[in-house]
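[1] Sequence first, predicted coordinates after that:
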Amino acid sequence: MAGRIPESDLSGFSDDPSPPIPMTQDTRTLIRVVAGILLNQDGDYLLSSRPEGKPYAGYWEFAGGKVEAGETDFQALQREFEEELGIRILAATPWLTKIHSYEHARVCLKFLWVNPDQWTGEPQSREGQAWSWQKAGDFNVAPMLPANGPLLRALSVPRRLQGRLKTGLYGQNSTGEYRVAPYSLAEPHHANILISETELRKLGKLPQAQSVWVSVHTREQWQRVQDADVVVWQVNHESSARQVLEILEQGVSVPLVVAAPETLVSSYRDRWLSAGAHAVLSDNDTEVV
C-alpha cells in the first residue's frame, strides 16, 4: 500500500500507547488519510487484514491509506482500493472525519461511503492480506484495531429511520430491528436512548445505554455533544437547514441524523446526504425536544 503513515503505519487507526497530544495545542500539518466503507448487495461491509511485515499485522481494518500530493480524497480512495484489493471505485460520499494527534503525526482520517452500485470488481488479496464481508453489529473477525470500536457501533445505526423524536425512532440493520427510545420513556431493556442536549446538561452525564443519541438545534449545542454516539439535529427553518449543510461540508466526527419537516426534507435531503449525513428523518413536529 503506497503512502502509509510513518512509524505507526496504521492509516489513522493507531493504538499508540503514548497519550494523544491535545488537539488545541497541536499545530503540526495534518496528514490526510482516507478509508472506504464498502458495501455489497447484502448490506455487508468489507474489512481486510493488515499484511505480514506491517505493524499490527493480522489486525482487521477498513481499507485505505494516505492521500498523496495532488490527489483528492476520492482519487486516493480509488488508488488504494485498486492497489490493495483490485476494486474499482466509481463514486463515494463523505461519512465521518476523525482527527487524531499522536507523537508521530497529526492525522485527519476521512471515511467515504461506497454503496453497492458505486464499485466494480471482485476483492483480491494483492498484498497477501485476508478480506471478509461483515454484518454491521455482528462482526466476527478478530483482532480489530482498537480505535475501530466507535466506527463499528456507528455502522449498526440504520441509514433509514422512521418515527418521531418525542415517541421514538426505529429502523432495520443487518441483525434485525433497531429502536431508539426517548430518555423520558426509556426502560432498562432499551439499548439505544435519545436525550436532548438541554436534558443532558441537567443530567450532568451521559445516561447508561449501549448507545446514546443526543438531539440538538444549534451550532453551540452541536459543539458540546461530540462524545455522543449519534447526534440528531432538529431543523425547523431554512437558516437551520443551511447551517447543517455547512457543518456537514466541514466534516463531522459522529454520525449526524437530520430531522426536519417534510417541506425541508424535500428541498435538502439529497444535499444533506451527499455532504455526509448518516440519515434524514421526516418529522413534522418541529417543536424542539
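    Looks like it came in fine.
[2] Quick one: classify Asn148 as helix, strand or coil.
    Of the three states, Asn148 takes helix under DSSP: H, G, I helix; E, B strand; the rest coil.
[3] That one and Tyr56 touch, don't they?
    No. Using CB atoms under 8 Å, Asn148 is not in contact with Tyr56, being 11.3 Å away. Backbone N, C-alpha and C define where each C-beta goes, glycine included.
[4] Any chance you could list residues touching both of those two?
    Between them, Asn148 and Tyr56 share no contacting residue under CB atoms under 8 Å, 6 or more residues apart in numbering.
[5] Next, the buried residues of the helix or strand Gln243 falls within.
    Using DSSP states H and E, Gln243 falls within helix 238-250. Within helix 238-250, the residues that count as buried by 16 or more other CB atoms under 10 Å are 240-241, 243-245, 247-248.
[6] Serialize those residues to JSON lines and add fields for pLDDT and distance to Thr72.
    Formatted as JSON lines, these follow (pLDDT from 0 to 100; distance: CB to CB, whole Å):
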{"residue": "Ser240", "pLDDT": "97", "distance to Thr72": "30"}
{"residue": "Ala241", "pLDDT": "98", "distance to Thr72": "27"}
{"residue": "Gln243", "pLDDT": "98", "distance to Thr72": "25"}
{"residue": "Val244", "pLDDT": "99", "distance to Thr72": "24"}
{"residue": "Leu245", "pLDDT": "98", "distance to Thr72": "20"}
{"residue": "Ile247", "pLDDT": "98", "distance to Thr72": "21"}
{"residue": "Leu248", "pLDDT": "98", "distance to Thr72": "18"}
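[7] Any idea how far apart the tips of stretch 111-122 sit?
    21 Å (CA to CA, to the nearest Å).
[8] re the thing from before, for the helix holding Gln243, name the packing helices and strands.
    helix 219-224, strand 230-234, strand 256-260, helix 262-275 (3 or more CB pairs under 8 Å, 6 or more residues apart in numbering; DSSP states H and E).
[9] what's the closest of those to Leu152?
    strand 230-234 (13.7 Å; CB to CB).
[10] Which strands and helices lie in contact with that closest one?
    strand 211-216, helix 238-250, strand 256-260.
[11] in the last one, what counts as buried?
    This points to strand 256-260. Those would be 256-260, for strand 256-260 by 16+ other CB under 10 Å.
[12] Not counting its neighbours along the chain, what's nearest the residue nearest the centre of the chain?
    The centre of the chain sits closest to Leu96, judged by CA atoms, centre = their mean, with a distance of 4.0 Å. Closest residue in space to Leu96, ignoring its immediate chain neighbours: Phe111 at 4.7 Å, by CB to CB, 6 or more residues apart in numbering.
[13] Tell me how far that neighbour lies from Ser184.
    Separation of Phe111 from Ser184 (CB to CB, to the nearest Å): 33 Å.
[14] ok, the two, which is more surrounded?
    Phe111 (25 against 11; other CB atoms under 10 Å).
[15] So what's the gap between stretch 179-191 and the chain middle?
    Chain-centre distance of stretch 179-191: 23 Å, with CA atoms, centre = their mean, to the nearest Å.
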